[in-house]
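# Got a sequence here, can you build the structure:
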Amino acid sequence: MNFEASAMKLPLLASIISLSLAGLSAASEPIPVNLPKRTTPVSYANDVADLLAGKCVGCHSEGSAGGKLVMEDVASMLKGGKRGPALVAGKADESLLFTMSAHRVEPSMPPADKKDSKPLTSDELGLLKLWIDGGALDDSDAEGKAPESLVLGSLPPGVQPIVAVDMTADGARIAAGRANVVHVFDADSGMEIVSLGGHQDIIQSIRYSPDGSMLAAGSYQIVTLWRTPRGALKKTMTGHTDDVNALAISADGNVAYSAGLDKTIRAWTVADGKETRKIDHPAAQVLALALSPDGLTLLTGGGDGILRLITLADGKERLALKGHAGPVHDVAFLPDGLRVASVSEDGTGRIWELPAEGEVPGTPIVLNGHKGPVRALVLSKDGRRIFTGGDDHSIRSWRTFQGEAATTYGGHIGPVRALTLSPDGKVLLSGSADRSARLHDVASGKSLSTLGGHPGEVNSVAFSPDGSRVATAGAQGGVKVWETATGLGVIAFGHAEPGVKEVKPIRKVAFTGQGTLVTASAEKTLKSWAFEGTWSAMKTLGPHVFRVLALDFSPDGTLLAAGGGEPSRSGEVKVWEVNKGMLVRSMDELHSDTVFGVRFSPDGSLLATGSADKFLKVSRLLGGKDVRMFEGHTHHVLAVDWDKEGKRLVTGGADNVMKVWDLDSGEQLRTATPAGKQITAVRWVPGKPTLIAASGDTNVRAWNSENGAIERTFAGESDYVFGVATSADGSRIAAGGADGVLLIWDAKDGRIVRKIDPPAPSP
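Predicted coordinates:
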């Protein structure tokens, strides 16, 4: 007999990885037998099966039948192995199972050289003897019914470990399995994009396809697949020398106008990001900007409380409107182009009629009602209603030409910073310092939904041209796109360069097309972004025999390999055709115990697998035959990866070391400097000698594959670290562990760029 519990990723915080028993040498003298006092017969199903599974089946299973003896069921034990039947019903003293376990005959079990195996205790031997003497009855299926499948309950409150992490090749987005939910984050801003359910057990494995278009997650018996939105920064527009506070887009979406604290207005072509014009503002810093319906005039609101009309043809001030007693925070043209509206720090809104050339401006309509500064405004398409939002947390609707309040929209618990209307005018979108955006029904004034999760106040909001999506931007430098109908996140971007920890607030965001955004920031720049797609569930792959502990896409994204298996009983490897959701190959004969790592070779022809049976194996996908078996780890192989050329492999083990192997020769090239605990995940940075690995000793480290030395330690986690991911160039590293904290580091200097804590438990 031999016991070696699989180092599986368990679903509780305190017992997540690699249970192993301290080795005890088998005693040479007989073990005393303590017969229990029982009034009922000993049950195989309830008393004996688990006992044998824990201490015997590891070496005597279908996959690894020591002495050709299988001990997974009573029938197999009665049949026996090369020494004959293990059981003689009714006669424990004649049953090899009992006599070898009690060390009454040789060879005793477990063998003396199995240092990590424990013999049966006196109490366990007593239980076994009573069962055999009672007839060795098999009550595991007394009624002839198939065993019921396991039904999972709810996870305990507060259980939020991150066991699996992956990152898109460009390092822009990170997926982490926190408990039984997949959370996807924008790496630059740390903003959560979306949370994906579908799992009852803890997420054990996560993998992006090479092009980032698909995401797979594995847990108990299933793998879920999603198609993912994709997007990236297109252009950065530089030229402003101070905060960019205001933004306006031409009707065709081709030109962006910006203004800010450097007292300039600039025009940019969105497609190439080039500055085409610079206009010096006549006086104050610009806080607000609007373009006239005919596209010929700009309206500015300044820190001096004055509205100015700038003629684009010559860049000169045509008119100044004075009346506000504080800075002007937002401005707009009415649809007829003959009137303008403004809101101010002085607590009022105003509607101005533009005078004919040479005439003096008339008295504006004043909107009184807000208590405190008014920050935002938007006008209905027909210009008959104006909506304003202020520091008093309220949104008010006014009859434009009378200046009368019509409706008040509630819901926010913080100052209202931004307002916009859907293209059809039926939905009002607001952004607030309470870190949320809200959708309101214009007709009834009722709140439709809340878009929460911003790490800071929401400074700007926008609708896409068809109204199907909204964008929200905030003080923490992130812009997020949402589906209007469902409130689900689509994608997010951070207004910062890679590796920059402190990002500057985004002041304004605007759509220039259905999948194009422009943002203006306190970083002194504008940026344009493009994105496509949405989150959509593809398939659920399964059932798998137990937890799916490892996943990998083939280089072309057409296949998905899944590894797992039932501890001490089987090693499972399945290869799925992704688009059809069809199982194309089962390679369950490769390993005799749980598979923890799977990885396709760079050319997609080979599959490397690491297992609790201590072996790394490389198999050919066509035919499924072993190419090479690598032996050297003294404990479970928990992780595996390839170098870029597909000539070398690296493995991480529960023996606390990484090993580098040569594919062609099968030789072990080196063993890296040990970590303090198990190596739970490894990544080989493509084209570099750098190995990144996570360890149970709370650290992530960079090793040099050429000499095995540790080059850098990425500290910050406070508990066992399970998953690690890197960008393709190795510049960004992410990891998560038992404390539920996701950390993102700059690989160059080891700085923590982002720390994303788990949500607080519900009261």
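# Go through the helix ranked longest in the chain and flag the buried ones.
In the chain, taking DSSP state H as the definition, the longest helix is helix 122-133. By neighbour count with 16 or more other Cβ atoms under 10 Å, helix 122-133 contains the buried residues 124, 125, 126, 127, 128, 129, 130, 131, 132, 133. For glycine as for every other residue, the C-beta is placed from the backbone atoms N, C-alpha and C.
# Using CSV, write out the CA atom coordinates for that helix.
Extracted as CSV, the C-alpha positions of helix 122-133 are listed here (Å, rounded to 0.1, in the frame of the first residue of the first chain):
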residue,chain,number,x,y,z
SER,A,122,-4.2,-0.2,15.1
ASP,A,123,-7.7,1.2,15.0
GLU,A,124,-7.8,1.0,11.2
LEU,A,125,-6.6,-2.6,11.2
GLY,A,126,-9.3,-3.5,13.7
LEU,A,127,-12.0,-2.0,11.5
LEU,A,128,-10.6,-3.8,8.4
LYS,A,129,-10.4,-7.2,10.3
LEU,A,130,-14.0,-6.9,11.4
TRP,A,131,-15.2,-6.2,7.9
ILE,A,132,-13.3,-9.1,6.4
ASP,A,133,-14.3,-11.5,9.2
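# mind listing the helices in this protein by residue range?
Assignment of helices within the chain using DSSP H yields the ranges 49-55, 74-79, 96-101, 122-133.
# Just send the ones you listed back as JSON lines, with mean pLDDT and distance to residue 192 too.
Formatted as JSON lines, the entries for those read as follows, by pLDDT from 0 to 100; distance: least, Cβ to Cβ, whole Å:
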{"stretch": "helix 49-55", "mean pLDDT": "82", "distance to residue 192": "41"}
{"stretch": "helix 74-79", "mean pLDDT": "88", "distance to residue 192": "50"}
{"stretch": "helix 96-101", "mean pLDDT": "90", "distance to residue 192": "54"}
{"stretch": "helix 122-133", "mean pLDDT": "91", "distance to residue 192": "49"}
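# And the ones you listed: which comes nearest residue 328?
Closest approach to residue 328 among those is made by helix 49-55 (74.8 Å; Cβ to Cβ).
# Output the contacting helices and strands for the closest one.
Here helix 49-55 is seen to pack against helix 122-133 when contacts are counted using 3 or more Cβ pairs under 8 Å, 6 or more residues apart in numbering; DSSP states H and E.
# Give the other helices and strands that the helix it packs on contacts.
Identification of packing neighbours for helix 122-133 by 3+ Cβ pairs under 8 Å, 6+ apart yields helix 49-55, helix 96-101.
# and among those, the most buried is which?
Counting by mean count of other Cβ atoms under 10 Å, helix 96-101 has the highest mean neighbour count of the helices and strands packed on helix 122-133, with a mean of 22.
# Dump that one to PDB, restricted to CA.
Output in PDB follows, covering the C-alpha atoms of helix 96-101 (Å, rounded to 0.1, in the frame of the first residue of the first chain):
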ATOM      1  CA  LEU A  96      -3.100 -10.800   2.300                       C
ATOM      2  CA  LEU A  97      -4.700  -7.400   2.500                       C
ATOM      3  CA  PHE A  98      -5.000  -7.700   6.300                       C
ATOM      4  CA  THR A  99      -1.800  -9.700   7.000                       C
ATOM      5  CA  MET A 100       0.500  -7.600   5.000                       C
ATOM      6  CA  SER A 101      -1.100  -4.400   6.400                       C
END
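# how far does it sit from the chain's center?
When distances are taken as Cα atoms, centre = their mean, to the nearest Å, helix 96-101 is centred 51 Å away from the chain's centroid.
# which helices and strands sit right next to that helix?
Based on contacts counted as 3+ Cβ pairs under 8 Å, 6+ apart, the elements that helix 96-101 packs against are helix 122-133.
# List of residues touching the helix it packs on?
Applying Cβ atoms under 8 Å, 6 or more residues apart in numbering, the set of residues contacting helix 122-133 from outside is 31-36, 38, 41-44, 47-48, 51, 55, 87-92, 95, 97-98, 101-102, 120, 137.
# mind listing what the spatially most central residue of the chain touches?
Residue closest to the average C-alpha location in the chain (Cα atoms, centre = their mean): residue 175, at 2.0 Å. If you count contacts by Cβ under 8 Å, 6+ apart, residue 175 has them with 165, 166, 167, 182, 183, 184, 185, 206, 208, 215, 217.
# do residue 302 as well
Counting by Cβ under 8 Å, 6+ apart, residue 302 has contacts 281, 283, 284, 285, 286, 287, 308, 327, 328.
# Quick check: the gap between it and residue 349.
Here residue 302 is placed at a distance of 16 Å from residue 349 (Cβ to Cβ, to the nearest Å).
# Check residue 693 too.
Computed with Cβ to Cβ, the distance linking residue 693 and residue 349 is 59 Å.
# is it true that residue 544 touches residue 571?
No: using Cβ atoms under 8 Å as the test, residue 544 is too far from residue 571 to be in contact (11.9 Å).
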